[in-house]
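Asker: Build the 3D model from these lines:
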Amino acid sequence: MATTAIHPLVAPGQRRPMSLEDWLILADQGGPLTEWVDGEAIVFEMPSERHQELIGFLFVLLSWYTRKEHLGKVLFAPMPMRILSGSRWREPDILFVAAAHAARRTGSSIDGPADLVVEFVSDDSVRRDAQEKFFEYAAAGVAEYWLIDGRPGHHEARFFLLGPDRSYAAADLDPHGRYHSPNLPGFWLDLAWLWQEPLPDPDELKPAILAAAGADPASASSNG
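Answerer: Residues are numbered from 1 along each chain as shown. Next up is the predicted model:
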């Protein structure tokens, strides 16, 4: 691994040729969020307060549910995910690795596709999330992709499931505007929660999630 000093990337949109070894060192040092694509390090805009709130809200719900049901592990950026034979190292906002694929978790990165990836759209990521990553994640074998746009004036969430041909098909909501994840059996998300201001308290939602999943609502408090 390289030992020379690495000049930081600071400007949003900045791209710099860089070896993977140097990028991994840079990513480990902290600083702005970057990804490594085809030999270049790319720096992104710092997330807005609302962006961070949405990530935190959904992370709490997903990590609680996956722990309770022993489904696997939920992580959030920065956590590099190696895909497409190592030509891409992406940093999903949230990712879920199923228990069956726990070997992909190295402790500092994900070596291969996560089972579920969530990206929250920001002003500089519209094309990247909806096009570049959409096709990359499908080709890499990410089984489920959530694309959530909580920016003012947008408020849109789309969900995609991977087919046998390694392409995504849009998943439908139920009649109540809820999404049910096939990779998190029993878990559902009411899209209206995402657009509330302030966001709802995740602890207050747990009994409803469990009740609709056929579980005992009282177990929500005893399981975290």
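Asker: Need the CA coordinates for stretch 174-193. PDB is fine.
Answerer: Output in PDB follows, covering the C-alpha atoms of stretch 174-193 (Å, rounded to 0.1, in the frame of the first residue of the first chain):
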ATOM      1  CA  ASP A 174     -49.700  -1.500  -1.400                       C
ATOM      2  CA  PRO A 175     -53.200   0.200  -1.400                       C
ATOM      3  CA  HIS A 176     -52.200   2.200   1.700                       C
ATOM      4  CA  GLY A 177     -49.100   3.700   0.100                       C
ATOM      5  CA  ARG A 178     -46.700   1.300   1.900                       C
ATOM      6  CA  TYR A 179     -43.700  -0.500   0.500                       C
ATOM      7  CA  HIS A 180     -43.100  -4.100   1.600                       C
ATOM      8  CA  SER A 181     -39.500  -5.300   1.200                       C
ATOM      9  CA  PRO A 182     -39.000  -8.900   0.000                       C
ATOM     10  CA  ASN A 183     -35.400  -8.900   1.300                       C
ATOM     11  CA  LEU A 184     -36.600  -7.800   4.800                       C
ATOM     12  CA  PRO A 185     -39.600 -10.200   5.300                       C
ATOM     13  CA  GLY A 186     -42.300  -8.500   7.300                       C
ATOM     14  CA  PHE A 187     -40.800  -5.000   7.100                       C
ATOM     15  CA  TRP A 188     -42.900  -2.200   5.500                       C
ATOM     16  CA  LEU A 189     -42.400   1.500   5.100                       C
ATOM     17  CA  ASP A 190     -45.100   4.100   4.900                       C
ATOM     18  CA  LEU A 191     -43.900   6.700   2.500                       C
ATOM     19  CA  ALA A 192     -45.800   9.400   4.300                       C
ATOM     20  CA  TRP A 193     -43.400   9.100   7.200                       C
END
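Asker: And for it, what's in contact with it?
Answerer: For stretch 174-193, the surrounding residues in contact (CB atoms under 8 Å, 6 or more residues apart in numbering) are 57-58, 61-62, 65-66, 69, 71, 96, 98, 115-116, 143-144, 157, 159, 161, 171, 173, 199-200, 205, 209, 212-215. (Each C-beta comes from the backbone N, C-alpha and C, glycine too.)
Asker: how close does L194 get to S19?
Answerer: 39 Å (CB to CB, to the nearest Å).
Asker: These two - which one has more neighbours?
Answerer: Between L194 and S19, counted using other CB atoms under 10 Å, L194 has the larger neighbour count: 19 against 14.
Asker: wait, isn't the more buried one in contact with R151?
Answerer: No - using CB atoms under 8 Å, L194 is not in contact with R151; the gap is 11.6 Å.
Asker: Surely S122 is in a strand?
Answerer: No - with DSSP: H, G, I helix; E, B strand; the rest coil as the criterion, S122 is located in coil rather than a strand.
Asker: burial measure for it, as a count.
Answerer: 21.
Asker: returning to that earlier point: and the contacts of stretch 174-193, which of them are in helices?
Answerer: F57, L58, L61, L62, Y65, T66, E69, L205, I209, A212 (DSSP state H).
Asker: Name the nearest residue to the fourth one, sequence neighbours excluded.
Answerer: Right, L62. Nearest residue to L62, sequence neighbours excluded (CB to CB, 6 or more residues apart in numbering): V74, at 4.6 Å.
Asker: The one you found against F59, yeah?
Answerer: Yes - using CB under 8 Å, V74 is in contact with F59, at 6.4 Å.
Asker: which of the residues in stretch 134-148 are buried?
Answerer: Buried residues in stretch 134-148, counting neighbours by 16 or more other CB atoms under 10 Å, are found at F134, E136, Y137, A138, A140, V142, A143, E144, Y145, W146, L147, I148.
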